[in-house]
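Engineer: Provide a 3D model corresponding to the input given below.
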Amino acid sequence: MGEQTQAQAQPQTQTEPPQSETPQPPPHHDSIATTTIAEPTPTELTNAPPLTSSPPSKIPFRPRKIRKLSPDSSDPNPSQQTAAAPENPKPRPTKSKIVQPRAVSVPRAVGRPLRCEGEVESAIRHLRNADPLLIPLIDAHQPPQFDNFHTPFLALTRSILYQQLAYKAGTSIYTRFIQLCGGEACVNPESVLAQSAIQLRQIGISGRKASYLHDLARKYQNGILSDAAIVNMDDKSLFTMLTMVSGIGSWSVHMFMIFSLHRPDVLPVNDLGIRKGVQLLYGLEELPRPSQMEQLCDKWRPYRSVAAWYLWRYVESKGASSTAAAVAAGAIAPLQQQQEEEQQPQHPQHPQQQQLMDSLSSLINIGACTWGP
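Structural biologist: Here you go, the predicted model:
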């Protein structure tokens, strides 16, 4: 009896939920309040599982709100993406640097040396057309010859040794220096650095000049300078690099470029002989300043070296420099110049004239005396 009673009661409990749903109240106004009270709250509907015929699942339903918290890249709503943009860190304002336009580094072409065939003739034709005042000077003298060529290191060494010395004293010291190094072919950075200041002083080279020679040799040994680089370097770069050597100034560089490298367009604006020549040529009351020299002689480009050579001869013809300019220009052999200096009577000279002679005599230091007439 008890089992039958339980079996009859069980279908009743199972069918209770559908019985509560099947009866629907008639559509009259009195039952509206009863129906509204029986409806669940929105929170109950949100959390409750959907009503299906299958038994309820035990896996908890993941609320929809959790999925909205995570950013969805595939969300087509642009408003959410726009709102999330300010969360990114703002880029730091970069400082605007003023970039100055840099000049394009075009390799400067080095002019043909004056020792090249036909170059002196081209220079003379140009100077005749550029400045009629140079025509009498060109007609009065033979064309210059640029035949001698020493290696740049030897020429710079010779320039340092001859500084502020008379030709005879400079030649004597240079000869002893060559013998100490083992000959002109052996004059190189290594042989110069092998000689101590005491050894150089024993042959008549001052301590200051010894430091100049060692500084030149060290710049060669460190790769700052080299014979190949000097030959291929343009005039402006060469001037900058050589003036870095102790004991080599602008005048020495200009003389080296004219007499050793035979560069065609060099104007030694600080040379007293050239300034005197420009003064005589243009009838100026005073010696022109270097800035005036650049303006007056600009028409001689690109053969200002040849024009300078004629100015030295012009000054020598006026007697302002005796025979010193002639030796510098190559009109008189060095031995004959020594004999004339010894036989020449001593006369008191004006300080400016003496300075002019010393400047022109210094041209011998760079090997200019080896020029032919």
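
Engineer: Please make it C-alpha for all contacts and neighbour counts, starting now.
Structural biologist: Noted.

Engineer: With just CA atoms, put stretch 216-226 into CSV.
Structural biologist: C-alpha atoms of stretch 216-226 as CSV (Å, rounded to 0.1, in the frame of the first residue of the first chain):
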residue,chain,number,x,y,z
LEU,A,216,105.7,67.0,-39.1
ALA,A,217,107.1,63.4,-39.0
ARG,A,218,104.6,62.4,-36.4
LYS,A,219,101.6,63.6,-38.4
TYR,A,220,102.9,61.6,-41.3
GLN,A,221,103.4,58.5,-39.1
ASN,A,222,99.9,58.8,-37.6
GLY,A,223,98.3,59.0,-41.0
ILE,A,224,97.1,62.6,-40.7
LEU,A,225,99.3,63.6,-43.7
SER,A,226,100.8,61.7,-46.5
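
Engineer: Start the count at 29 instead of 1 going forward.
Structural biologist: Let's use 29 as the start, then, which means that last one is stretch 244-254.

Engineer: Show me which positions of that stretch end up buried.
Structural biologist: By neighbour count on 16 or more other Cα atoms under 10 Å, the buried set for stretch 244-254 is 244-246, 248, 253.

Engineer: Distance to Gly232 and secondary structure for those residues - can I get that in TSV?
Structural biologist: Shown next, in TSV, are the buried residues of stretch 244-254 (distance: Cα to Cα, whole Å; DSSP: H, G, I helix; E, B strand; the rest coil):
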residue	distance to Gly232	secondary structure
Leu244	19	helix
Ala245	19	helix
Arg246	22	helix
Tyr248	24	helix
Leu253	27	coil
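
Engineer: And the residues you listed, which is closest to Leu315?
Structural biologist: Ranking those by separation from Leu315, with Cα to Cα as the measure, puts Leu244 on top at 33.8 Å.

Engineer: is it true that the closest one touches Met272?
Structural biologist: No - the pair Leu244 / Met272 is not scored as a contact, 9.3 Å apart, by Cα atoms under 8 Å.

Engineer: Please identify the helix or strand for Lys237.
Structural biologist: Assigned by DSSP states H and E, Lys237 falls within helix 235-249.

Engineer: For that helix, name the packing helices and strands.
Structural biologist: helix 180-189, helix 217-221, helix 225-230 (3 or more Cα pairs under 8 Å, 6 or more residues apart in numbering; DSSP states H and E).

Engineer: will you turn these into TSV that also has distance to Phe174?
Structural biologist: Formatted as TSV, the entries for the helices and strands packed on helix 235-249 read as follows, by distance: least, Cα to Cα, whole Å:
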stretch	distance to Phe174
helix 180-189	15
helix 217-221	26
helix 225-230	32
